[in-house]
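Chemist: predicted model follows, preceded by the sequence.
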Amino acid sequence: MLFRRALRAPALDARRSFILVNLSRRRLIFTGVAGAVVLVAARWLQPSHSVAASALSADAADVMRAIVPALLDGALPHDAAERRAAIEDTVDAVGTAIAGLPPVTREELSTLFALLDFAPVRIAFADIAFAWRDADVATTNAFLVRLQKSRWSVKRTAYDALHQLTFAAWYASPSTWPSIGYPGPPALT
Amino acid sequence: MNATSIDIKAPLADPVRDGLARGWNVVDATSLARDVTLEADVAIVGTGAGGGIAAEILADAGLRVLMVEEGPLKSSTDFRMREADAYRDLYQESAARKTADKAINILQGRCVGGGTTVNWTSSFRTPATTLAHWQSAHGWSPREPAELEHWYAQVEARLGIAPWPIAPNANNAALARGADALGLHRDVIRRNVRGCWNLGYCGMGCPTNAKQSMLVTTIPHALDAGATLVTRARALRFVTRGDDVDHLECAAMDASGTAPTARRIDVRARSFVSAAGAIGSPALLLRSGVPDPYATLGVRTFLHPTVVSAALMSSRVDGFAGAPQTIYSDQFMSDAVDGPIGFKLEAPPVHPVLASITLPGHGVAHASWMRRLPNMQVLIALLRDGFHPDSAGGRVRLAADGTPLLDYPLTPYVFEGVRRAMTAMAKVQFAAGATAVMPVHDEGDGYATFGAAHAAIAAFDLRPRATTIVSAHVMGGCALGPDPHRAVVDETGRHHYLANLHVLDGSLFPTSVGANPQLSIYALTARLATSLAQRLRT
């Protein structure tokens, strides 16, 4: 239930950021308010016990459509159409992989995606002041690096979850194998 | 760069599908239309190293055996050597099981045959130093080493355990070369295989049935002797009456295999065996509310915390091909087991998914390492936890839905060993000719010299999650020992407070084994199951 505890944390983290980087007072108030909103929102953001079993929610898919190109920067095809298709396939595969995880983990991930998609949290937690679908690779990459380097375990755990889901989905696909020189398993004929 | 094509003369046999065709008693709980009650002489929860051995021995004694397995029954025909299928179908939590703080990723089997269906076949007898420590510090009988000798021999013959007779693949050869250049100990690993094709896909289920897992040896034997196997059923709890287990309550899993349904399977038996592994058995006993007056249950869980070092070689390594583990080094396993933490050096298989989720970071740098997968040489160091007061291991507790959670605090004692292990691996890899070495840590990079790697490792901020730590071995949590203040089961494997409940799996060990544990589990459970069979027949 790691991400459940996370619901209380953005405000705390924003306060810590204030001390460290001396954010403006207005910003502090704003993130403080955002933190309070998060606390209230937590109730209705909590997924019900019947977590969608088949695929990602539309909002979660939007989050992944932004995150996948940053994680897979350097691995995705250059051709725009191929790239779009590869991202879609990867987002789908992430949804399929999540459906195979235990209910406790699905619930945690569902909460993570709800948090990332919830505007006040996105701003306070991800520092992304616009919709995920408008985020470019550089912005998303900066966000991911902040998650990775964070000493706050919940952020770091979020990074690991996104990392593991995305890379497993990408490199499980035979279409990616030629790019890394993996011949695939031997054919027993 | 086409996939290798291997011409096979005759169609590959599938002993499991053949057995099903012969009429084995196998029930897929997911397909049950109503609640059922099943009866047996002995009910065994789990079909891995412990449960599989116990099933054969108890069935051979003429007892009616019933096995309950949470995972599916998959066999060689299903084993397509693809990570995408294998992790989902054959592993706990799609191979993404983690400690409660998510700092350690645990590879653990969940299918008929358990870990033995997906392990890398490394077979070591319990180190003498480990057994000596279990005697001196945990009350094990001084007769145990001599008694185990007999059972090692039995099990080794049964499962074809022998030193790997042919050349190691390039990934393991690099470990041998590096160790030789530095004058370090190294030796050939013994493997439980017969007629191995040297393909390299042991971790995804053996497609040729060469691996002598429980799936193709003891479980078919027990089923041929009339045992029953219930798959995709989660053992919820032992229901006790007085000093006995009255029955076992199980739930059929849903079609996805991830959650229990309301469909119940009650199992009535004279005797019950928990063989659900070192996370599963303590969790099952915790859910059952068995007497635990001295809080010994589910504590001292050990993982062999494992760190990883990736290297680049100038020629191809193809770490995805060939028997995955054939060379090891015990240079850093000091005889002083309770001193600074010792570690065993081995090489792992290098497949795309496992490599990509293990390599740190993302984006261009990650992609650049992945593009060099064929030249990637990887070493792992398995840390011997549980022998020192500052290495008390983990604790199994229950989540709100009754599933297990493992708390495993990573102590400074363990991290001191992590730093030594990363340094040792880098040294071996450079000695083997590496052009770059990347210790797997957030701050890690590809270093061109040992000096640079050594300096970087010395400066790493070693803490949970920033340091990649994995585990493929779960041990402890239902310790065996004569003293109920310190152990869950007595020296026969019987629960200290429940007369007809035995634990027969890797959870019996009072510390980690200090070597890949399958053979230790086989030998110990063979001894205990034989004694149980004798008592049940009289």
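Modeler: It's in. As the structure is a computational prediction, the values presented were derived from the model and not from experiment.

Chemist: how about the strands of chain A, start to end?
Modeler: For chain A, the strands defined by DSSP state E occupy A:187-188.

Chemist: which parts of it are helices?
Modeler: Here chain A has its helices, by DSSP state H, at A:2-6, A:9-21, A:25-45, A:58-71, A:80-99, A:103-117, A:119-126, A:137-149, A:153-171.

Chemist: how about the nearest residue to residue B:177, chain neighbours excluded?
Modeler: In space, and not counting its chain neighbours, residue B:177 is closest to residue B:432: 4.4 Å by CB to CB, 6 or more residues apart in numbering or on different chains. C-beta here means a position set from N, CA and C on the backbone, and glycine is covered the same way.

Chemist: so what's residue 131 closest to, chain neighbours aside?
Modeler: Unless you meant another one, I'm taking chain A. Residue A:131 sits nearest to residue A:62 (CB to CB, 6+ apart), 7.5 Å away.

Chemist: that answer is for a different chain, and I need it for chain B
Modeler: Per CB to CB, 6+ apart, closest to residue B:131 is residue B:145, 4.9 Å.

Chemist: residues contacting the residue nearest to residue A:131?
Modeler: For residue A:62, the contact set (CB atoms under 8 Å, 6 or more residues apart in numbering or on different chains) comprises A:117, A:131, A:132, A:133.

Chemist: kindly write the PyMOL command that selects the buried subset of these.
Modeler: The following PyMOL line selects those of those that are buried, judged by 16 or more other CB atoms under 10 Å in any protein chain shown:
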select buried, chain A and resi 117+132
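
Chemist: partner strands of the longest strand seen in chain B, parallel or antiparallel?
Modeler: Longest strand in chain B, counting residues (DSSP E): strand B:260-274. Here strand B:260-274 has these sheet partners by DSSP bridges: strand B:36-45 (parallel), strand B:244-253 (antiparallel), strand B:501-503 (parallel).

Chemist: can you redo the ones you listed as a markdown table with mean neighbour count and mean pLDDT?
Modeler: Formatted as a markdown table, the strands paired with strand B:260-274 follow (neighbours: other CB atoms under 10 Å in any protein chain shown; pLDDT from 0 to 100):
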| stretch | mean neighbour count | mean pLDDT |
| --- | --- | --- |
| strand B:36-45 | 22 | 98 |
| strand B:244-253 | 21 | 98 |
| strand B:501-503 | 27 | 98 |
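
Chemist: could you export these as JSON lines, including distance to residue B:322?
Modeler: As requested, these are exported to JSON lines (distance: least, CB to CB, whole Å):
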{"stretch": "strand B:36-45", "distance to residue B:322": "35"}
{"stretch": "strand B:244-253", "distance to residue B:322": "35"}
{"stretch": "strand B:501-503", "distance to residue B:322": "37"}
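
Chemist: quick one, domains of chain A?
Modeler: According to automatic domain parsing, chain A comprises the domains A:10-45, A:58-176.

Chemist: first vs last residue of the longest one, how far apart are they?
Modeler: The one in question is domain A:58-176. 25 Å (CA to CA, to the nearest Å).

Chemist: contacts only, for the residue most central in space within chain A.
Modeler: The C-alpha lying nearest the average C-alpha coordinate of chain A belongs to residue A:162 (CA atoms, centre = their mean; 5.3 Å). Shown in contact with residue A:162 (CB under 8 Å, 6+ apart): A:67, A:71, A:144, A:147.

Chemist: what does the model give the second one for pLDDT?
Modeler: This points to residue A:71. Looking at residue A:71, its pLDDT is 98.

Chemist: same question, the third one
Modeler: You'll see residue A:144 listed with a pLDDT of 94.

Chemist: got the contact list for it?
Modeler: Here residue A:144 is in contact with A:67, A:70, A:71, A:159, A:162, B:362 (criterion: CB under 8 Å, 6+ apart).

Chemist: just say which of the domains of chain A is most tucked in.
Modeler: Highest mean neighbour count of those: domain A:58-176, a mean of 19 (counted as mean count of other CB atoms under 10 Å in any protein chain shown).

Chemist: end-to-end on stretch B:321-338?
Modeler: 37 Å.

Chemist: same thing with stretch A:128-144?
Modeler: Stretch A:128-144 has an end-to-end distance of 11 Å (CA to CA).

Chemist: one more: stretch B:329-341?
Modeler: First residue to last in stretch B:329-341 (CA to CA) measures 15 Å.

Chemist: residues in contact with that stretch?
Modeler: So stretch B:329-341 is contacted by B:127, B:129-130, B:132-133, B:137, B:175, B:179, B:184-187, B:342-345, B:381, B:383-385, B:387-388, B:391, B:413-414, B:416-417, B:420-421, B:424, B:428, B:514 (CB under 8 Å, 6+ apart).
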